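Student: Here is my input, please return the structure:
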Amino acid sequence: MDDAMRRALLPTDPEIRALPLGANTKFARELLGDGHKRALDIGCGEGKFTRGISAFIPEVAGIDVKEKSILKAKAAAETESVKVDFRVGSADALPWGDGYFDVVIFSNSLHHMPDAAKAIGEAMRVLAPGGVLYVMEPVAAGHYHEATKFVNDETIVRTDAWKALNASLGAGLSRVRENLYRSRRVFASFDEWKDDQIDRDARRAAKFEADPDGVKRTFETLGDKEDGKLGFDQVFRVDLLKKG
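Tutor: This next block holds a predicted model:
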């Protein structure tokens with residue numbers, strides 16, 4: 001592993017502490033800049049990030065295979081009086097025409113795709129020439145990853161997603177920049193985090209049941225105590241690429 005790859009996938013603790021801290025939407029606003037008209041968030045989940053970018057991009061859509069997540073995204077958008085076109089659908093067959101968007105985003109989702117290369121290809125299809133592909137991925141390093149990997153170790157799938165993205169370079173995409181930062185995750189208690197993990201995937205309940213004391217001890221040891229809550233820095237990497 002060369003040093004560039006190591007920094008992208010396995011930054012050291014001192015490197016992580018030196019990273020800028022802020023919300024995902026804050027960095028998206030800074031990195032994307034002004035002037036974009038239409039954005040698509042692939043694998044949008046419950047749409048928090050998708051709704052956030054609608055503050056600076058006029059037309060925003062989000063798609064996810066989970067109907068439950070899209071229903072929550074629509075409800076939140078209505079509550080917040082935010083206009084986003086949320087749809088249930090697959091990243092392998094996007095229901096938009098060629099070149100419709102000038103920004104296509106994978107927000108914490110590329111590593112969840114059954115076939116990352118195919119998902120990137122479909123993203124390129126709906127991306128206009130000169131458009132931007134914005135890939136935000138969690139990095140398998142840092143205290144939040146260490147606390148979570150006992151119930152959901154995504155080291156391999158995150159690495160494979162990075163490799164698939166890099167394999168797309170030179171095939172219609174060129175890298176504009178790569179950026180790492182920290183985003184804060186705060187939980188009122190271990191139980192809040194546990195419930196969130198099981199809600200994301202019911203199969204994780206078995207991991208908690210296998211070693212409940214060990215998982216709890218690790219989580220509480222790695223978290224920073226903040227007014228009775230537990231805080232973690234989660235590391236994200238953004239790859240900004242241009243089509244054409």
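
Student: got the contact list for the residue nearest the centre of the chain?
Tutor: Nearest to the geometric centre of the chain sits residue 108, at 1.4 Å (C-alpha atoms, centre = their mean). Counting by C-beta atoms under 8 Å, 6 or more residues apart in numbering, residue 108 makes contact with 24, 43, 45, 49, 136-138, 236. Just so you know, the C-beta spots here come from the backbone N, C-alpha and C atoms, and that holds for glycine as well.

Student: Residue 117 too?
Tutor: 164, 167-168.

Student: Can I get the buried part of the residues you listed as one PyMOL selection?
Tutor: Restricted to buried positions by 16 or more other C-beta atoms under 10 Å, the PyMOL selection for the contacts of residue 117 reads:
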select buried, resi 164+168
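
Student: So which of the contacts of residue 117 sit within helices?
Tutor: 164, 167 (DSSP state H).

Student: Would you agree residue 60 falls within a strand?
Tutor: Yes. Residue 60: assigned to a strand according to DSSP: H, G, I helix; E, B strand; the rest coil.

Student: Distance-wise, check it relative to residue 1.
Tutor: Counting by C-beta to C-beta, to the nearest Å, the gap from residue 60 to residue 1 is 36 Å.

Student: ok, the two, which is more surrounded?
Tutor: residue 60 (28 against 9; other C-beta atoms under 10 Å).

Student: Grab the nearest non-local neighbour of the more buried one.
Tutor: What sits nearest to residue 60 in space, not counting adjacent residues and going by C-beta to C-beta, 6 or more residues apart in numbering, is residue 54, at 4.3 Å.

Student: Same question for residue 67.
Tutor: Nearest one to residue 67, counting by C-beta to C-beta, 6+ apart, is residue 88 at 5.0 Å.

Student: Just confirm the one you found contacts residue 62, I think it does.
Tutor: No. Using C-beta atoms under 8 Å, residue 88 is not in contact with residue 62, being 10.3 Å away.

Student: Check the burial of residue 65 by counting its neighbours.
Tutor: 15.

Student: State the helix or strand in which the residue of the chain most remote from its centre lies.
Tutor: For the chain, the residue at maximal distance from the C-alpha centroid (C-alpha atoms, centre = their mean) is residue 213, at 29.1 Å. Per DSSP states H and E: residue 213 is located in helix 212-222.

Student: Which strands or helices does that helix pack on?
Tutor: If you count contacts as 3 or more C-beta pairs under 8 Å, 6 or more residues apart in numbering; DSSP states H and E, helix 212-222 packs onto helix 143-148, helix 190-200, strand 229-243.

Student: out of those, nearest to residue 115?
Tutor: strand 229-243 (18.2 Å; C-beta to C-beta).

Student: and that closest one, which residues are buried?
Tutor: Buried-residue list, strand 229-243, by 16+ other C-beta under 10 Å: 230, 232-241, 243.

Student: which SS class is residue 175?
Tutor: strand.

Student: quick one: pLDDT of it?
Tutor: You'll see residue 175 listed with a pLDDT of 94.
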